[in-house]
Structures are given as structure tokens and as C-alpha cells.
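Colleague: coords below, sequence missing:
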């Protein structure tokens, strides 16, 4: 019997985008842990809260949604969801919220620790569920809650009334944070953060748009990993640098015929919805094994925070994916599908996210019709592993592949 | 009308909204549907239109599933189902506020599922206090007015709004006096109690106020006597006849409620001394104590415990609409707040497709045993 040879992993290249992005993502936690140890006040913040505010003020913050995703991806989702359910939270509630509320009670989790907050910063542009979640964190931990309300916009354009409402709150939130932490807002620092944020966003948009090449120079699942940096660190110079490195690598891949997608790219799809973190390998393998590359997701567009001034920044935050109406949400996706030669749409009907899934049926029908592509959905959850069936996923992906295959045959006939 | 006839009138309106709608349409009135939870009905009323509540119905779902996934609450699902089935045909528009994630989705789906009845969004601020918040509420109302003018041809007039605000404040007062009087009338069944509140969504407010005032006039002082066990209810809806019959059969008497479709509607009046649209915006700023309205301290939890105690309730029954995020998030903390004052809490999950209430009966039976 031959002796098993353990494959030795190559040390990562410190100049690679993967290394740089991994370091930034890890540093997002260590910086806050260190700040807390120094006695600084630290906050928990929702992912679409304008990162520019805490970044400009120099307030250390961490992101419960990222933590919940990390815990779920590392196998702790069910345990923490059950902990919350034991306290009376329905299992119908967003699994990120259940994980986070359970973590707030326990104070630690081996899958991903982060220090407990001295205040929480909530932005409602993702969902109203976020408001309830943060209200509960604030009450249970007896800490201040700063809430920036950016309402769901039923219209295609952002109105002046909305900008005025959000701007008033922005200014109030800055004052509140100054009082809470003793730190001061300076225009100079804001300009620097704004510059970094736009630079990072530009590089991200350009990098993700490299999927326009056939074959795509990257596997779309990469984006799910790199997203953490876009959420937590886009206002930092090192994030801009890392994203520009990523862009350079994708361009080089295209020029040299390489891709981070292993194997032949036979089909190109758009993946709709948040990843099923507890089943990341299964969902990824189900595609990869069939030669299906997920070339784009709405995240490619979602972090395009490009603006010139304070009002522009406000308008950008009013246009994040879950805050926009069906028509604008549809058109953004249609644009991505067309720009990246997408051949099929795979929709994650995410039990954790009522807002994302609540009008997805109609929207995906319209995207399918507009782009003339098949649409297939599967049931899942972003963090509760109990709400996903591997068999259903496999059957649905197989179905999608067969339709795409038949269409290719049709073209050649 | 005598008391019995009054109750029959409330029952008839509560049980047959379609009949009410058709009667208004036959009389040449224009009807505007109002979705949960808070629509500025005063504006609709001031424009000479009839606001009619659209809170869904207990019915099987078929067509709504083409739009909603299964995990959206049955209130939203059944509103859409009724719309697709044509039950609201003849209505001039539907106003849907933005106060929860599922309501936002209802509006987006409505545009395509029921294209014959225009969707009018009412986007509320959650930071509703102060100049910034009230200005945004006012902008939302102005948008509703513009959309209503377009959909119905009716015109808005500020003076008429002042008069309508008086009509609604008077109705609020009547409903609060009714809620205060109900504990002294143990002869009123849970279903009759529900009819009193539910009928308000389907009748013109002047008519409903007159009927409620007539009932209060006939009632006199009443008496606390009775063998039923006093409880408080909380939730979005508590109007299922099958569930309410269980309350009566088990001898549970609702002495107070914190139900969105009941008392939560009537807690806040529009203040005097401001221009009418500003006053209406200020009313929204003053609202709270509700699961769909942001409050950093969640004071509604203590409010419920305090009200239950004041009204002599021996326990709180949470009638939880399945898949309702705002209520589901509040429940664990509500339980804690009530426990801190020694109030037992029972949780009954409901949805509008429920036919078998035996589990609820068993739970409430056990709860009653605990209370006595």
C-alpha cells in the first residue's frame, strides 16, 4: 500500500490580491479586538451603514453580518440559531440576526469571535428586520443605538425629500458619535476616506466587469470572499490597493488565458441572492462540476459607491440593492446579465431574507424575459443549514444546465 | 337600534367587507383600499373618497404564490390573493405603507399582479421625530395626495382636511372610550369585541363613530362582575372567529388589547394648532408603542405589561401572525418584560390559512389553568 503523501500548500504570495484581501478581512477583527483592549469604545455596525462615518471619525467597528456569515460558513450557524430559538426567537427570523443575538448573549464563538459593542450603528437601507435586530441588541446589551433610516424607495429615482431626510440624519448621527466617543469629524479626513472609498469601488466595479470576457478570468465565488473587504474596509487606502491588485490580476488572467475558475467554462450564469454560507462548498461544487461559472451577482454592482461629494454619497446609499424598487433592481441585473453574456439565472430563495425574496419571483420572470435566459430557483438560507436541501439544489442546477445545453444545441442546429 | 341590533350591524360590516365595498360603489362613491398598518385615512376622507381597510382574509392561497414565497405572512399573501381574484374590483387605488419588509414587497408585487388597481406607496420615516422626520412624512403625504388626484380625479383641499381630522379624532376618542368600557361588559363575547374594531375598517368613520357612541350611551356604567378570566391580547390581528370562539368557550375575557388592527389604531390623535398636513405629520411623529414603529428603547414592552396590570389582566396572550418579523423580534423581550412584573405570557401562532385551532385550544386551556 502506497504511503499517503500529504500535499504541501504553497505559501501565499504576499503581493497577491488574495493575500492582501485576506489580511484586510482578518485585520477588520484584530483591529477592533485591540482597540477594545486599549479601552476604546467600539461599535457593531450593519453592512450598508455608510462606512465613511466611522472611518472618518476613526471609530473602530465590526460587522455582525460578516461575523454571522463566517460563523455559518465554519459550521456554527445551527448551534447559534438554536441558542436564539431557545430564548424565544422564531426560526422564521433572519438567521444572521439569530446568530448575532445569540452571540451577544454568549459573548464568544469559536468560529469567529469579536468584541461586544459599546454602541450599535444601524442603517435600514438593507431591511426593516435590521431595525428590529439592532433594537434588541441595544436593549439586551443596554447600549446606545444610532439609527440611520434610509427607506425603501418605491420610485426609480431618489427624491430630494429623501436626500434631505437622510442628510439630516447623517449629520445627527455624526454628532451623536462624536459625543459618544469624543472623536471629531474633520473635512480633511472625510475627503481622504471618500477618495479611498471611490477608488476601492472603482477597482471593484472594473474587476467584476472582467467577467465580460469569455471565458471569465475568475470564478464568481471569489467575489463572495472578497465582498467582506468591500463591506468593512472600502474607505481604507489598503483596500483600494488590494482591489486594484485584484483588477490587475483579472486583466492578466484574461491576457494569458487563465482563470480562477478551474476547468472548462461551459456555461455562464448569474447567481441571485446571498450565498448559502453553511453549504458554500456544495453550492460551488454543484456548479463547478458541471462547468457552470457564476460570472456575476448583484454584489458586482452593489458596492459601486462612487460619488463626488456629501450629497452624492447620500444618494449612493439610497440606491443599495434592497432599498430600490423592482424596476430599478431588475434593470441593474439585466445590465449585468447582458454585459457578462449570462446564459441562465440561478435564484436563491433565501428564507432569511423576506425583502430580497419577497418580489424575486416577479423580478426574475422579467429578467428572464428581457434577457431571454432560463431562470431556476432553489430554496435555501444564508446561515441556517436546516433550510437547504442538497438534493433539491442538485436537481435544479441540473435542470438549468440542461436548458442551457439545449439552447446551445439550438443555436448550432 | 337596540344593543343587539347594534352588534348585528357591527358583525355584518366586519364579516362582509365585499358587501360594503359594492354598496359604496353602487352609491357612486370612489373607494381607496388601505393596507396595514397606518395609512393617513384622513387625507383620503378629505378628498371625498371612502377609505376601506385591506387586511386580507381567512382563505386558501393559490395565485399569491406566483408572487410571494411561502415565508411571507398570510396577511400580505391574502391581500394579494383577494386582489388577483377580483374581490377588490371597483376600488380606485390601494395605499400601501412601507412599515415592514413584507409590505414593501406587497407594493412591488401589486403593480404586476393587480394592474387594474393603482398602487400608491406611503413611505414613512422610521426616525419620525423632529423637523427632518416630519418633513419626510409630509413629503410622503403630498405624494399620496398627488397619486390619489391622478387615480381618482378628486381634488385635495386643506380646509377639508381640517374637518376630516376632527372626524378621525372623534372616532379615536369613541374607540378609546369603547376599549375602556369593554372590561365592564363581560357579556360581550370575544367575537363581538372583534367585530366592534374590525367593522371600523369597512365603514365610514362618521357612521362608525355614531354607532359606537350609541352603544356607549346604551351601556351605562356596566359591571366588573363575571367569572371569566381577564386577559390582554397583543399582536397584529386577532380576528379569526374560530380562535375567538375558543376564548369564549374557555372563559377567557379580553379586558385590554395591544392589537395593531384594534387599539393601536386609536392611541394617537392629530394635534391642534398646526396647518393640517403638518398636524398629520406630527401625529405620526407622536405614534409609537407598536412593533412596526422604531423605538430605540422599545417602550412598548413595558407599556403592554403596565396596561395589562392596570386593566386587571391575569396574563398576556400573544397572537402571533406567523412570519411577521416585527412581532417575532419583540416576542422574547416582551416575555421578559411581562415576567419581570409577574405576568404570565402565552404564545399562539396564527395565520390566515389555519383551519385547525385545536393546538391553540390546548395551549389556552393550559394557560387558563395556570392563571386561576
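Modeller: Happy to help now that I have it. Worth saying up front: this structure is predicted, and the values here are computed from it rather than measured.
Colleague: how about residue 279, nearest residue that isn't a chain neighbour?
Modeller: Chain wasn't specified; assuming chain A. residue A:388 (5.2 Å; C-beta to C-beta, 6 or more residues apart in numbering or on different chains). Any C-beta I mention is one placed from the backbone N, CA and C, and that applies to glycine too.
Colleague: um, chain B though
Modeller: Here the residue nearest residue B:279, using C-beta to C-beta, 6+ apart, is residue B:270, at 5.0 Å.
Colleague: tell me how far the one you found lies from chain A.
Modeller: Counting by C-beta to the nearest C-beta, to the nearest Å, the gap from residue B:270 to chain A is 21 Å.
Colleague: that residue touches residue B:163, doesn't it?
Modeller: No. Counting by C-beta atoms under 8 Å, residue B:270 stays clear of residue B:163, with 11.9 Å between them.
Colleague: next, the contact list for the closest residue to residue B:251 other than its chain neighbours, please.
Modeller: Of all residues not flanking residue B:251 in the chain, residue B:228 sits nearest, at 4.6 Å (C-beta to C-beta, 6+ apart). Residue B:228 makes contacts with B:186, B:251-253, as judged by C-beta atoms under 8 Å, 6 or more residues apart in numbering or on different chains.
Colleague: out of those residues, which one sits closest to chain A?
Modeller: For those, the closest approach to chain A (C-beta to the nearest C-beta) belongs to residue B:252, at 21.9 Å.
Colleague: give the burial count for the closest one, as a bare number.
Modeller: If you count neighbours by other C-beta atoms under 10 Å in any protein chain shown, residue B:252 ends up with 25.
Colleague: I'd say it and residue B:361 touch.
Modeller: No. Contact criterion C-beta under 8 Å: residue B:252 and residue B:361 do not qualify, at 11.0 Å.
Colleague: low-confidence ranges in the chain?
Modeller: Let's take chain A. For chain A, applying pLDDT under 70 flags the ranges A:1-8, A:410-413.
Colleague: should've been chain B
Modeller: Ranges of chain B meeting pLDDT under 70: B:224-225.
Colleague: go again using 90 as the cut-off
Modeller: B:220-227, B:352-356, B:372 (pLDDT under 90).
Colleague: which stretches of it form helices?
Modeller: Per DSSP state H, chain B carries helices over the ranges B:3-15, B:17-26, B:41-46, B:74-85, B:101-113, B:130-152, B:158-181, B:190-198, B:205-219, B:241-250, B:276-286, B:300-310, B:325-340, B:358-371.
Colleague: coming back round to it: what sits against the residue nearest to residue B:279?
Modeller: B:42, B:165, B:168-169, B:279-280, B:282-283.
Colleague: of these, which pair is most distant in space?
Modeller: Spatially, the most separated pair among those is B:168 and B:282, at 14.0 Å (C-beta to C-beta).
Colleague: any buried residues in stretch B:168-186, and which?
Modeller: Residues of stretch B:168-186 classed as buried by neighbour count (16 or more other C-beta atoms under 10 Å in any protein chain shown): B:168-172, B:174-175, B:178-179, B:181-186.
Colleague: then stretch A:356-370?
Modeller: Neighbour-count burial for stretch A:356-370 [16+ other C-beta under 10 Å]: A:356-364, A:366-368.
Colleague: same question, stretch A:277-295
Modeller: Residues of stretch A:277-295 classed as buried: A:277-280, A:283-284, A:286-288, A:290, A:292-295 (neighbour count, 16+ other C-beta under 10 Å).
Colleague: quick check on residue A:343: phi, psi?
Modeller: The phi/psi pair for residue A:343 (degrees, to the nearest 10) reads phi -110, psi -10.
Colleague: let me know whether it touches residue A:265 as I believe.
Modeller: No. Contact status for residue A:343 versus residue A:265: not in contact, 10.7 Å apart, counting by C-beta under 8 Å.
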